[in-house]
Every structure is written in C-alpha cells, then in structure tokens.
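Visitor: pasting the structure only:
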C-alpha cells in the first residue's frame, strides 16, 4: 500500500510499504478514506520529536472503514465507518479509567509517533473498541476528520481547562487550526467577549468570521496594552495559549485577570518564566493537557446537531497521492492561507 | 403616587398611596420607569399565597432611577439607572454569603410579597447596594426588565441546576415565560436537542422560533412516548419542569434518562408522587430552587454582548395607568398570545 | 462444586453444581476464597426481584484467586488474588466510559442476579479486566470483601452524591451495614455533626462507636423534632436515606435544610410522596444511584493507608459449608447483632 | 493605647498611640484580647513590602471584643466577642460577591498593611459585618486566633486549590506554620499519604506528630528522588508549596504526577522557571491564591466539633507588653522551636 514514510529530519516520501496486519485480538485494520496533516507532523519533520524513528508512517488523524477486526473487537466489524481518535486508549488502565487516556499505560498518542499512522491507505489501530468511534449516518466526512485531534484539543485543553463561563471575556493567543478550534468550541459557553491575538492578519480575519469579537495583531508588541484597554484594566477571565512559545505564554500572564485561568494548549520546546512574584496573590489557575479525546462523543453530538461546524477549518483538498504537495501547502500556511487540508484516498473511495 | 394595590383574593386596584420613604440607612427609593407582571402575581390574586396581606403593592420586577439613597448606600446615588432584583439580599447573613440570598435572613423574595413592590411609581428597596444592579450604558431598557426575575429563574433553577452540557438532549416542560427563559439560556451550553412540551400550539410555535429543535403538544397524553421515540428510548439528559403541577413533574420522571437531571422551576401547590421504586437505581438528580439572582451580572454580560436577546420575551406594552388592562392580557395569555408585558411609568419617563 | 442455589421465593440450598467455565475471551473464572451476604440477597429470597430465575447461584461480593483467564484478559493471570466488584463493567460502552458502569450495556449488577454469583466455590466473571481489582500485598482479606459492594455503595450513593463538606451536619437514616458504610466514609470529609437514626438501639450503639456524634431511636416518631432541635431549627446539610421506605424518605424531606441534599441509597419497592409544595423553594437536591464502583481504587488506597477500617463492619464468620446458618444469622440481624458475615471457602484456602 | 509601630526596615517599637476611632458607619473598633505574629510581619520588617508606610501599626490576626460599632453595623454590638479576619471584605463589590474578597475593591489584605493593624490594644475594622465573625460560646480563644489567617490560608490556598481527594498522595513543601496548617486541614479529605518536606528536623518531627506519613529533610538535595521512590515513580497527586522560593516551587514541578495539582501558598519575591517543555503534556494544574477567608465559618464548625485542633500550632505565649521578645522568638523559629506565638493583652482581659 502507499504510505507517507518519515526518513529522519527533513525527509519523507510517499512509498509502497506492506499493508498492516492485525497483531493483537483487540486491533483493527482500518482502510483510511480521509486523513489530514497536523502541526505536530511538521515538528516531527523538523526533528523536534526524536522519539519518532525513521521508517515511521506519519499521521494521527482520519476516518476510514474497518477492513479487518481482531477477535477481541466487539463494537466494530468490517465495513463499519469509523473516526480514528488521535489518542489510543486501552480502556482498562488506571489513567484510562480516570478519564485520562492521554496517559494510557499502553496507548496515549502513539499513532504516527511510536507506531505507524494514518497517512496511508491502511492503518492498524490498537484497542479499536476504545480508540475508534462509529460515524453517525448522514455525517459529513470532511467534518469528521476534524474530530480526530484538533477539535477535542481546542475544546479539552483550551475551553474545558479554561473553565469558560457564559459572559466571560476570553483571549485566544494563536489563530492556527488549534486556536481556531478553541475559538469555535469556546462559543459553546456563550462568552461575552472573544479576543483573538496572532501575527497574521489573514488568520485574524478568519478568526473574526469564526466569531471573535475583537482581533489583535501582536506584531507591534502592544497586544497586552490593547487587551487591558478592552477589559477596562481588569484583564481577561480566560487566556488560552495556542502557540507554544515563551513570548505568547508571557502575554497570557500579563493579561489574565484576578481569579482567571490560563489554559495552555501549545507544545513548548523550552521552559518559560513564571512571574510568581506578581501572580502568587492573583488567584490564578494555570493548566496543561495532552488531549484525552474524552469528549469525542459530546463533540459528535454538537456536530450532528449543527451547533458546531468543523468544515470551516478546512481550506484545501488533495488526493492522498499528492500528499507531498499538501505538506507544502500546510507548511506554508501563511502564503497559502491554509488551515486544515483534507487528503482523500481515492482507491479507498473507489472500493466502497 | 399611583400603585397597584392588592385587596385580597380577586381584588386589586390602581390607586393613590403615599410615596415610600427611606426607613433604614441601607434603603433606596427607586422611581420605577418600567415594570412587568409575573405569573406569581396571578397566584397572589387567586389567593394562593396567603402571606400576602391586603393593602400590599404588588410587583417584584422592574427598572428605575434612584430617587433617594440612605446614608449607608455606597454604590448608588440619586439619578443612577438601576435594575431591581426580585430577590432582596442583605449581603451579610450566612445564606447570602454562601450564594443563596433566596434564603437571606432579612430578605429573599419579599418585594410585592411581604413589603410593597414595583407596580407603582416608586418603590423602597432594602439593602440597595446588594439588591440593585447598575444598568450599563446603551442597554435596552425593556430587555433589562427581563433580568429582574424571569431570566435568572430560568437560568439558575432550570439550566444551572439541570447541569446542561454541550451535546445534551434537554426537555423543557412548559413554554410560558419562565420555560422560554430556560429555553433561551439553555442555549448558552450548546445542547444538541431541545424539546419543548406544552398544551398551547401558539407557545410551541414561539418555542420553535426561540430555538427548540422539537415541540410536542401534550394534550393527547402521548408526550412521554414521543420523547422516548425522539431519544431512541434513552430519555433526556435534562428535564426542566416549568409548570408546577403533579402531571408535568410526572412526565419529567418518565422521560429522564439514566444519569439525568430533573430541574424543577415550577411553583407547586400540592405534593407529587415520586417513583422511587423505578428511580432509586437510575442515578437521577432532582433539584428545586427559589431563584437566587446570583447570576444577574453574568446575564447582563450576555445581554450586552448580544448572546442573549431578552426582548423576544416581550409581547405587549402598556402604560402603568393601564395596568388593569395589562393584567387582563397577561391573565389571558393564551387568548392574547401574551408572554411578558412591559408597563411604562410615563410620569417617571417625563421626569428624566 | 458447591454453590448456594436459589429455587424460587423462600427456597435455597447449598448443592453441587458444575464448575463454571469460560464463555468469552474476556471472562475469568475465580476460585472464591471469601464471600458475604447482602441485604439484597434477602430481598431475592423474599421474591422481591422476580428477574432472578430459579436455579441461580446467589451472591455478588467476594474475593478470590484467578483460576482461569480467557485469552482476552490482559491484566490478570491464574493465581492472582482479586477483589470481585458487584458491578460488571464492559469498559467500552457509553455508560462505562462516562463513569456509570451501573448502567453498562452488557453488565451492571448482574452477578447473583442475571448470571451465577459468588456464593460458590467458583464464579465466572465477565469483562474480568474491568470488573476485578488486584488485591494489594499485605491487605487484610476480610476487609477486602467489604469493598465489593457495601463500601462503594455507602460512599458513592450516600457520601459523594450527598456532597458532604467539612463542617457539615449529616444525618444518616438507617444503621444497617450500608448506612454504617456511609457513616464510615462520610468521615473522609470531616463533618462537624453526624446524626444516625434507626429503630434498633444496638445498631445505634454501633453507630456511636463508628463515629456518630448523636444517635436517635425513631421508634417514638419524634426523630424529626429531635434533629431540628439538634440543628437549631435549620435542618441538616445532608440527609442520607439508607433504608428504602416511604417513611424514612419522608423523614429526610422534613429534616433537610435549605440548600441541602437528600442522597438516597435505599432500595424502594413503592413510590413515595414528595412534598414539592414545601420543597420547591428550598433549593434542595435529591439523588438516586445504583453503585457504580468507580471509587474502588480510591477506597483501596484509604484502606491500605489505615484511614478506613472496613473490618469494623464484620460481626460473624462462617465456613461456606455453613452458609445456610449464615443466612439465618444475617436474616435475624437484630437478634444476633449481626452486621456483615464472612463466609470462607475452606477448600479454596486449602488449595493455596 | 499601646501598639507595635513599624518605623521602616528593621525598626519597630511598642509605643503609645491614639486609640482608633470610628470613621465610617460600617466600622467597628475592637478591643484586641489576643493577637499573634505572622511570617508576613517579618517580611514587612525586612522592607520586602514597600507599600507598608512608616508609622503603621502591624498585625492582621487576632480576636477581641467590640468596643464601638458604627451606625451601619448590624450584626455586632459592643461587648460581642469576635474573630478578626485578616481579609477585610466590603461584601458588595463584584469580587466579594463572587467569593473572592482577597481582591475586594475597598478591602482585601489591608490590616497592618495599608491601615493600622491588630498588634495593639484596639483596632479599627472596616466593614465589620463582613470582616468579623462571632466567636461561638465555649470556643477556646487561643485556637480562634489561628482562624484569622493561617488556617484559612493553608486550607484555601493549599488544600482546596490542590483539590485533595480521599486516597491521594499529598506532598507539602515547607513545614512552617502555614505548611502545617495545610497539613492539618488536608486531613479533612482522608489522603492516603502525606509527605512533608523541610530543612528543619524539628519541624519535620512536628509534622509527623501532626499526621505526616513520611517526612523528608531536603538539605541533601535528594528530596525529589525520595518522593519518586515513595510513589513508585508516579509522583504525587497534589504538591503544596508553602515556602515561596524558586527552589521549592521547582521541587513541586518535579514531583507532581500526571494529572496532578501544584497549589502555591508561598509568597514569592522573584520569578521562577516553569518547565513547560516537560509539563505541557502532563495534564497539570497550578494555582495561586491570596487567602479569601471564605471558609472561616466552615473552619469554625470543624474546630467546634473537635475535628480540627488549632492549638497544636501554638508554641509560645507572651503578654502584649512583651511583643518585642515575641518577635525575637518568632523570628528565630528554628532556635526556639517556635511555631505560632500568642500575645495576650492583659489590660483588655482585666477589663472583661
């Protein structure tokens, strides 16, 4: 089958590899019909995640059709249409059972990382019963792909951890796909003000279309002052960090009001300075989280009811055969005004 | 001044009474500019609330302008525009300080009940600092009147107590003004399905305009079956009772799913049968609540941001002089397709 | 093997039946070393649970040693010492994954109910990985048996649902084994006052030894007045119903204070009268729950650390061969001052 | 009257100053019967809090008797015995009404800071109704002094913010009076393991007497390794920082387990390094808080019921006249094995 294989920093290739086979009774092999590319995939290509070995098939998002199901898989059978969660959950370990499968003893984020992933014609999914979700009849398939990672990430790490309440003033720092996912799902809670901060005017324009009530280009270094002006000097109730840099985490510390929350989503490569000499008395809560995908069912319901419209996040479509082009587009998001790209496996579609 | 005075069951009259004066340093006298009529006022007129003495000025909702403020009032001064909360809160007793001013030792719901109320040109408000709210610049005055009672009641007793979550299926039994307030504020939380049940097709049509995804006329006694069909036999996540009768509370018990909530808003005059022989093992939560109006600030923010549009609840306008006509309209809500009526004090307006 | 078999109302017998075998890959067969008798077993014998078929092996509590494990069981292997949860959890269905395995699509309370139970030399446990718990090294085995049902029931349905807070006044109605389990676990939260109400002076004396700060024999019909006197007329913060009768649920309604909780544990056979004409405005929360056993790990930690001492609940020991005598003792709890009885499978012990 | 007056860094003196008078109608003047010294007072003396002006009477803890009450004080009258909260709450502003009086618009921590404090024969208390608490009949007066600051601080900032659950493993870094207060109140929630870390063996011995299940002297730099060994490599559920230094906050980051909480109590003078490059994916919550004293009533109930025994925290007694000696003892806590000291105003006592 065809698969996008990582060959060390800076190197990847769409090539023929053996189709994956079942290894454990709880595995399923899924024929991937649609997948996408994540910012994390770009990090892998840069060599930022040394745990990813050369030879690995990339990708941790997508939907597909059950091709084979192990004897221990009871909730799916061949032909079922499924949503692949980016987090693999054994469903049995202490962390899975306390609602934290991101730290599953045998799973967590392993797809396209420690085991082969979804940017391929087929993918093996361990613990299929607790790592796949049935796609409801009538669901839009492109929209479903957004539920693998990006929407639960924005919602769980940003919105739920930020404890957004109706009437709140929320600032989202970073208007990439994850920040925009937080922007969409924050609106589940009727915030009064939704401020989005980024360096890219195009993304800020998108944020405005997605519901931001104010947008700030922070290129001039004056974002903090502008947020404080917008909030009458009080600061925001919730600051959602969706970039992963010391500077943007620093903005969060400066704009969060007394009693407020900083919800970190960004993947940080270095430590940051925490101004406890200011914050110790400010009744602040700071959270971090690797997405648990425990809200996938909830998000499915909001999509099916029309409350959440994930297709807004999709800007480009490619055939799986053109994945190298798709990486180029996604990797030059500013140039190409790209958010999420959809990769369709034509052969798979032909087969249905 | 003119005031609507209750003279015992079935009797009321708009008459001249002395203008209220300050009694305590923490009192304010408010010139009422707009008020409204509540279903509870109709109950008083029927004699259902024997604690209300003849001679009482009715009404517990409204907005106005501070006319006089006692020496102990520090947050308002004459001329300030204020929203009158239906709950009077001393702000000092144990119940006030644990967020339950509905059971304030010296306050609670006393306006138009144990002390003279707002259906008058002036009203004395005890504990003004903690029982009034400043009206923000630019606020729509009619909309503000809806924040005195009906919106916090629907939100606190129905939506918050019902613990509505995104993706939930919520049923609201009763599409009167309070049920509709629950319907509006439930949408703060992005429910997937919003079922409204009533006996009046006109109100159900309004419910649909307000966001109901399904409406059921229960006149045929088949509401339970229809809800179960809509939910695939699972029942609802949240059932909000907004009528106050044994039959409607009974419907809630039959349609609530395992792990679900029944949030009672209705004022009940008699006991009901609780089917613990069915429910003991169903992981159900049932709540009751007299509105605390602890969410008034939150609701103000949602109104000012445009997330909540209270004016939808208003169907009729009258001058305060025509309050008897307004009671007739409100008392024949079905006939006149009435939801909330606004009574405007022309003299007060002339004075501003 | 020997097993206690139910033969319809009033009839049971210890008899030889075939040893259970694995049916599904996720099953385990457990050699039962210790089991006990539950009040629910007495209900079955009275014929109150018609779903229990004649021929059924009773019992849903106990500990043992894995005898055989299906191919799909990954967390246990033969020889492992395990605690059997009274609730069988598939770990995959929506209810299991939202922390409510009491309503598992394929499990829930089925042991000694819909499938053969633990009052036998061996028992088949479906979904073994998510329905059994490893017994920690050094654990007292008798104490472990109390974690199958009674302690999670008192804790989850009574204490957690009652939302007990430090400083609270808690009343527990019913000082049987489940009420006493609530009494022990309520003390996790440092309540200020712990009032226990029962008809049996012996049990009240036990309650006092277990930490009750006041005990009330309700035989004189004056319990409500006494509780109100003890609470200065305010009523209790939390009332835990651990009997399952209309009268005791009625006491809860009369003694609960404004803003308080009624946590029902009792198994009710008939409906009760809910005084909504009083309670609608009292800001009350009423909960029901079939135990989910989602706190078993938490309870294991409190037992191993010495914070919780379950052995206090055990009054009698019998050999499994003497189970009919044990039922007689447990069934005459008042006469024999019995709380929980431990039944030891001598053969099983001989085999280790 | 006599009062301890601050005269700039390193300088203080017990001297005669005018007795305070009422300024606002909501003020009370309290005759101080007992007060104490806080670590914060030592910080002021070092000059660490430049907002404290020379001439200020120090102290923010104590109990006393109402000497005079302004016309607006309704809940206390002369002769009432009262507990003085370290936080002054107007009870009316948005922060007070959302349960965060630490950030009261007109109050917060002002006593012995921005206005004259309690280390004097008399003290003026603004907003007396919401800043004082009636001392229950039969209460131990020394114990009450511990409720002004130290116990709510340990409980709110450490235990509540840390979200301690039964069965948890909790580490407290710093065994000074505040850390020990967290240690005492953590036990409201039945943690399984309570690890205390400090540099002083005497304090660690006290911690053990107060309920620590393990103590670690971190002088050898090996505390992190020891905690990880004690927790089987998992880390703790809750780490409470009660020192206020970068190094101790650093320990918290290294020992907190996935999904765990770091609750900061310490007053920090400099920024710290936050290792987001490790923690971003660890599902951690970090909180800061200036005590709100919103749990004073709860704590009073736990003290009156005997669940909490604050007198354990008191090691020394002095007459108010000997306050300079008391500062010397408290300032050399290690040398004198001092925790909290009680200063008794003899004249005040003579007057009762």
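Guide: The structure has been received and is ready for your questions. The structure presented is a predicted model; accordingly, all values stated were derived computationally and were not measured.

Visitor: and the residue of the stretch 151-300 of chain A found nearest chain C, what element?
Guide: Using Cβ to the nearest Cβ, the point where the stretch 151-300 of chain A gets nearest to chain C is residue A:297, with a distance of 6.6 Å. C-beta: built from backbone N, CA, C; applies to glycine. Element membership of residue A:297 [criterion: DSSP states H and E] is helix A:296-304.

Visitor: what's that helix packed up against?
Guide: strand A:132-134, helix A:150-152 (3 or more Cβ pairs under 8 Å, 6 or more residues apart in numbering or on different chains; DSSP states H and E).

Visitor: who does the last one touch, helix- and strand-wise?
Guide: Where contact means 3+ Cβ pairs under 8 Å, 6+ apart, helix A:150-152 is packed against helix A:177-186, helix A:296-304.

Visitor: For the shortest one, give me every contacting residue.
Guide: It stands for helix A:296-304. Residues outside helix A:296-304 that contact it (Cβ atoms under 8 Å, 6 or more residues apart in numbering or on different chains): A:83, A:85, A:133, A:136, A:138-139, A:143-144, A:147, A:151-152, A:155, A:185, A:188, A:308-310, B:165-168, B:190, B:192, C:94, C:97.

Visitor: List the buried residues of the following helix or strand past the helix holding residue A:297.
Guide: Counting by DSSP H and E, the next helix or strand C-terminal to helix A:296-304 is strand A:314-319. Buried residues in strand A:314-319, counted by 16 or more other Cβ atoms under 10 Å in any protein chain shown: A:314-316, A:318.

Visitor: Go through these and name the one nearest residue A:329.
Guide: The closest of the buried residues of strand A:314-319 to residue A:329 turns out to be residue A:316 (Cβ to Cβ; 5.5 Å).

Visitor: Tell me how many other residues crowd the nearest residue to that closest one once chain neighbours are set aside.
Guide: Closest residue in space to residue A:316, ignoring its immediate chain neighbours: residue A:341 at 4.3 Å, by Cβ to Cβ, 6 or more residues apart in numbering or on different chains. Residue A:341 has 24 neighbours, counted by other Cβ atoms under 10 Å in any protein chain shown.

Visitor: can you give me the offset of the helix holding residue A:297 from its chain's centre?
Guide: 15 Å (Cα atoms, centre = their mean, to the nearest Å).

Visitor: just the angle between that helix and helix A:177-186, please?
Guide: Counting by axes from the mean of the first three to the mean of the last three Cα atoms, to 10 degrees, helix A:296-304 lies at 70 degrees to helix A:177-186.

Visitor: and helix A:296-304, which residues are buried?
Guide: A:296, A:298-304.

Visitor: Flag every residue of the stretch 151-300 of chain A that's near chain C.
Guide: Proximity of the stretch 151-300 of chain A to chain C (Cβ under 8 Å from any Cβ of the partner chain) is limited to residues A:294, A:297.

Visitor: near chain D, which residues of the stretch 151-300 of chain A show up?
Guide: So the stretch 151-300 of chain A meets chain D at A:244, A:249, A:258-259, A:264, A:266-277, A:279-290, A:292 (Cβ under 8 Å from any Cβ).

Visitor: Out of those residues, which sit inside helices?
Guide: A:249, A:276-277, A:279 (DSSP state H).

Visitor: before we move on, back to that, let me have the helices and strands packed on helix A:150-152 in JSON lines, extended by mean pLDDT.
Guide: What follows is the helices and strands packed on helix A:150-152, written out as JSON lines (pLDDT from 0 to 100):
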{"stretch": "helix A:177-186", "mean pLDDT": "98"}
{"stretch": "helix A:296-304", "mean pLDDT": "98"}
